Structures are given as structure tokens and as C-alpha cells.
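Trainee: generate a structure from the sequence data that follows.
(one chain, ligands or ions: 1)
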Amino acid sequence: MSTPFAPPKTATLFSNWIDGSWLPGEGREIRAHNPATGQAVSVLREATQDDVRRACESAHLAFDNYWRTASGERRAEILLRASAGIRDNAEELAWYEMAESGKPYKQARAEIDRSAMLWDYAATQARSLTGESFGALGEDYLAMTLRTPIGVAAIITPWNFPFLIISQKLPFALAAGCAAVVKPSEMTSASTLLLGPILQKAGLPDGVCNILAGSGQVTGEAILRHPLTRMISFTGSTGVGKHAMKVGAEQLKKVSLELGGKNAHIVMDDADLEAALDAALHGAFLNAGQSCNQGARLLLQKGIAEEFERRFVELARRIPVGDTLRDDVLMGPIINEPQYRKILNYIETGKTEGAVLAAGGTFREVNGGRYVDPTVFTGVEPNMRIAQEEIFGPVCAILTFETLEEAFEIANATGYGLSAGIWTGNTSAALKAARRLEAGTVWVNTYLDGPAELPFGGVGASGIGREVGRMGCEEFMDVKTVQFRSGGYQPRWIGKAL
Ligand code: NDP
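Mentor: Numbering: from 1, shown residues only. Take a look at the predicted model:
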């Protein structure tokens, strides 16, 4: 049961969590605002280069002194206590999540539960890390591989699903035996910073996880560049991801990137249309479309296209948009003004490109919140910008196709490859889609599902590496090969020559 939480009446002052204590950053003040009201929710002091140095040194020491050698059993116990702590504080975490990112409270609360489940799962991984053994290399010869933690991981996360995304990375890093220096987005840092004391209470040694507030330009950049961070785990835009990779390359750090998407959601004539309709609406408009997994391109087979489109448009118009505290509201405001302007520009682009605006396109500013109604374009051609570029807003482009081959061609015709979905009653079409859709995840007769056992990540411009599942843990590890000879070293190199 979650502890009841009374929302603060004024903005909360947050420090940085370094070496198990709150230390005010030495940099400028940053205010995070509620996108629904414009009011300040949190006040942060940006972590400077010096703060980053302190955090990295603390992580490095904690890694070397305790965490790399802590048993899987101990790591698992701590991760399980952390998930219990997350559940205890779920109301507070969900409130900050809602207040800073502008998502409906009900959705934020569900995301906290899902996050706790990821910490539970990571605990199972801490106890199951194994290598391989090689017993057929010859007499008196045995070898094995050990998985060893990489070291201090730099973990950088975006604003759209702050707590869920840190929970897709951090518990897996900790399960692997890595220490971490974490930087959430400056717009949505509160829930991640609140993890600091939760982890300490769970028994995590001080310094193993340090959480810094600050901008990408100052704090993020310093974390990426610090020589003690040996791995970069980044979720965010493709542009900043490429930059992180370049910075990582200078010091040959391992880089794992979860980036943007322009995902195709395909509905075939023979699909369960009721289920597909709900999933298509959820896929397109969850989190006001500000989601890397958004089903931003809805591909409809000709036989059902007209009727499906009609019903999709009708239901999209009825999605409740507004007050994030109301239980029936499904879509809140857009995160900030630049993102709002970007979405409105894309709506104009869709119109000038000749697509038909079938729903939405309407927007308004109310009491400091900026809202865009669920927007649907029909008659979209695959090469239009609204079918190619990530809008990151509640805009869905509907395209039609006749054959499965044509659907694959359209679906694969962007540089992105995060996820894709197909609804069909035909097993053969489903199997072909699983192979032919170029994406890190292919959903068949479902969308946006994600059990903790399954790896998640993208191909192409959507990223490199995987998180969650066993692979998500292994991502934070190196492989060491160990070879034993017991019968003496044969043949001798120098023995015969001398
Ligand atoms: P950004 O790339 O702008 O920011 C992501 C994070 O990187 C933030 O913490 C940001 O800090 C930080 N950052 C920015 N510049 C630098 C820098 N030079 N060095 C280090 N860190 C930096 O993405 P958004 O926050 O705008 O998130 C939206 C994007 O994230 C979308 O493209 C979306 O598709 C993608 N995304 C991908 C997911 C996936 O799993 N594939 C999941 C969710 C989102 P700050 O904001 O404080 O400046």
C-alpha cells in the first residue's frame, strides 16, 4: 500500500544526490514547471563540472570498494527492497511525475507500478548472471566466460516517461554490479531524484547511485565526458544520441542508445477490428503522442480502410483532453512551448503537403497549459514529412495499402526502426511480418505490451543496444574469458630451441 501524499503548496527545492547525501548543486537555479498550469513544481540547482566530478569519483570508489564484488543475493535483496520503497512512495512519485510531465495522474500512477515491477525483475537477474563453460577443449584444459560489470554507467533520460525509463536502466545496471551517475531531464527530475533516499533505505551503499539535476548542455555533457564513466546509457532524441556516441567514442566508452521512432501500426482486412481499433487509438495518443513507441503511422488494408478510418476518427474526437487530475482524462497538455510549436508546425505541414485533416488540428492555451487535440490525417503518402519525421505529439498519419508486401515497403521506408505492430488473423502474414518489419520490437495482435523479460531497443536511427530483460542486464557487463590448463603448458615455445 502506498503512503498517502499531500501535494506541496509551493515548489519543492531539490538538491543533488551525491554519495548518499543531498548536496546543493553549485550551478544556476532551474525551475521545472507544471505543463498544465505553468506553476513551478520543483526548483533545482544545476550540477556543475565539480559536482559531476564528485559524483563520478564517489561512484567509482563505491564500485571498486563494494558493489562490483557484492553477491547476486545481496544485490537482489536491495533491489527488492527498492521496489517495495517505490510502492510505498508511489503516490508521491506519481504526483511529481504528473505535475512535471503533464500526464494524467492515473497514467502516472500506473507507470510507477510498472516501474516497481521492473525493479522486482532486475532482482531476479542479479541472481542469475552466468557465463559459459567450455569442457571440450581437450584433456587438462577447461575454460569459461565470466560476466563482469563495466564500471560506472552514465545514465541520461528524457522527460516523457521519466520514472519508467530510469527503471528500464538503473535496476539492471545495479543488478549487473555497475555503479551509476544519473541525469534526468531538467524538466522532469523530481521522481528520479526521489529515488536517492529510497535506494539508501533499501540498503544500497552510498555512492553506488548518484543522481544529478541539471541541463543536458552542462551536467549531461560533463557526465558523458568524465573519464570515470565507462558506459553511456542514453534515452532521448536521435540528434543528442549521435552526439553522445561521438563523445563516447573519444574515450572508447560502451554506448547504448534508445532513440526516436516513427512506428508503423498495420491493420489487415482479417484482423480483430475491435481490438485493433482500441490499440491503434492507445498507440497513437497515449501520453499525448509524446512517446517513442507511438503508433504514429496507421497503415490500413484497403478492404477495411474506409470503415476503420471513420471509426478511428470518430473515437479520436471523443478522447478526453484536459485536467490531468481528472480520472476520465486520457490526454494532458504538451510538455512545453517549443514542443507545442513544433507539433502545430507539423499540422500545418500536413495540410500543405495535401493530406486530409480528418480530426483535430485544434489547439488552445488554457490556464497556462498548451493542449493539442487528437489529430488524424488521412490520405497520407509515404514520402510526406508527416509520414517520415517524428512529430512527438498527438498526430496520427493514416496510409492505406493493398498487399502485405506493400505494407512492409511503407512500414520500412523511414530511417527509424524502434517498433512496429500488425493486426491479422492470418498466421502466415503474422510470421512474415515478424521477419520483415525492420524494428527492434514487432507486436502481433497487440501493441505497447512489454513484459520485463523481453528486451527493448531499436535499429537504425532508433538506437543501438537493448534494455530490460536478461539482455538489459548484460548490456552493463563485459565478458571475460578465463582459461585453465592443469596438465602443464604444451607445447613449449623456448624449450626446444635452447
Ligand atoms: P533530448 O535528446 O533532448 O534529451 C534527452 C536527455 O538528454 C535529457 O536528459 C537532456 O537533458 C539530455 N541532453 C541533452 N543534450 C545533452 C548533451 N549535450 N549531453 C548530455 N545530455 C544531453 O530528448 P527529449 O528529452 O526531448 O526526449 C524526446 C526524445 O526521446 C524523442 O526523440 C523520443 O523519441 C526519445 N525517446 C526514446 C525512447 C526510447 O526508448 N527509444 C523513449 C522515450 C523517448 P535536458 O533535457 O535536461 O537538457
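Trainee: sec struct for the nearest residue to Gln290 once chain neighbours are set aside, please.
Mentor: Using C-beta to C-beta, 6 or more residues apart in numbering and skipping the chain neighbours, the partner closest in space to Gln290 is Asn160 (4.7 Å). In short, each C-beta sits where N, CA and C put it, glycine included. When classified by DSSP: H, G, I helix; E, B strand; the rest coil, Asn160 comes out as coil.
Trainee: so Ala420 sits in a helix?
Mentor: No. Going by three-state DSSP, the assignment for Ala420 is strand, not a helix.
Trainee: so which bits of this protein are right by the ligand?
Mentor: Neighbours of the ligand within the chain, by C-beta under 6 Å from any ligand atom: 156-161, 165, 183, 185-186, 215-217, 220-221, 224, 235-237, 240, 243, 258-261, 292, 390, 392, 418, 458, 463.
Trainee: report the buried residues of stretch 312-323.
Mentor: Using 16 or more other C-beta atoms under 10 Å as the test for burial, stretch 312-323 gives 312-313, 315-316, 319, 321-323.
Trainee: over to stretch 11-29?
Mentor: By neighbour count on 16+ other C-beta under 10 Å, the buried set for stretch 11-29 is 11-12, 14-20, 23, 25, 27.
Trainee: mind putting the residues you listed in TSV, pLDDT and distance to Thr69 included?
Mentor: Formatted as TSV, the buried residues of stretch 11-29 follow (pLDDT from 0 to 100; distance: C-beta to C-beta, whole Å):
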residue	pLDDT	distance to Thr69
Ala11	97	41
Thr12	97	37
Phe14	96	32
Ser15	96	30
Asn16	98	27
Trp17	98	23
Ile18	98	23
Asp19	98	19
Gly20	98	19
Leu23	95	27
Gly25	82	31
Gly27	94	35
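Trainee: could you say which helix or strand contains the most centrally placed residue in the chain?
Mentor: Centroid-nearest residue in the chain: Ile165, 3.9 Å away (criterion: C-alpha atoms, centre = their mean). Using DSSP states H and E, Ile165 maps to helix 162-176.
Trainee: now the element after that helix, going C-ward?
Mentor: Using DSSP H and E, the helix or strand that follows helix 162-176 in sequence is strand 179-183.
Trainee: now the helices: where do they sit in the stretch 201-350 of the chain?
Mentor: For the stretch 201-350 of the chain, the helices defined by DSSP state H, counting those that start in this stretch cover 221-225, 238-250, 273-285, 302-318, 337-353.
Trainee: put the alpha carbons of the third one into PDB.
Mentor: Coordinates of each C-alpha in helix 273-285 appear next as PDB, following Å, rounded to 0.1, in the frame of the first residue of the first chain:
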ATOM      1  CA  LEU A 273     -11.000  -4.900 -35.700                       C
ATOM      2  CA  GLU A 274     -12.500  -4.000 -32.300                       C
ATOM      3  CA  ALA A 275      -9.200  -4.900 -30.500                       C
ATOM      4  CA  ALA A 276      -7.200  -3.200 -33.300                       C
ATOM      5  CA  LEU A 277      -9.200   0.000 -33.100                       C
ATOM      6  CA  ASP A 278      -8.600   0.400 -29.300                       C
ATOM      7  CA  ALA A 279      -4.900  -0.500 -29.700                       C
ATOM      8  CA  ALA A 280      -4.500   2.000 -32.600                       C
ATOM      9  CA  LEU A 281      -6.000   4.800 -30.500                       C
ATOM     10  CA  HIS A 282      -3.900   3.900 -27.500                       C
ATOM     11  CA  GLY A 283      -0.800   3.600 -29.600                       C
ATOM     12  CA  ALA A 284      -1.300   6.900 -31.300                       C
ATOM     13  CA  PHE A 285      -2.500   9.100 -28.400                       C
END
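Trainee: work out the gap between that helix and the centre of the chain.
Mentor: Offset of helix 273-285 from its chain centre (C-alpha atoms, centre = their mean, to the nearest Å): 21 Å.
Trainee: what residue ranges in this structure score low on pLDDT?
Mentor: Counting by pLDDT under 70, the ranges of the chain that qualify are 496-498.
Trainee: mind giving me the domain split of it?
Mentor: 12-259+458-481, 264-444 (automatic domain parsing).
Trainee: quick check: which of the ones you listed is buried the most?
Mentor: Of all those, domain 12-259+458-481 carries the top mean neighbour count, a mean of 21, counting by mean count of other C-beta atoms under 10 Å.
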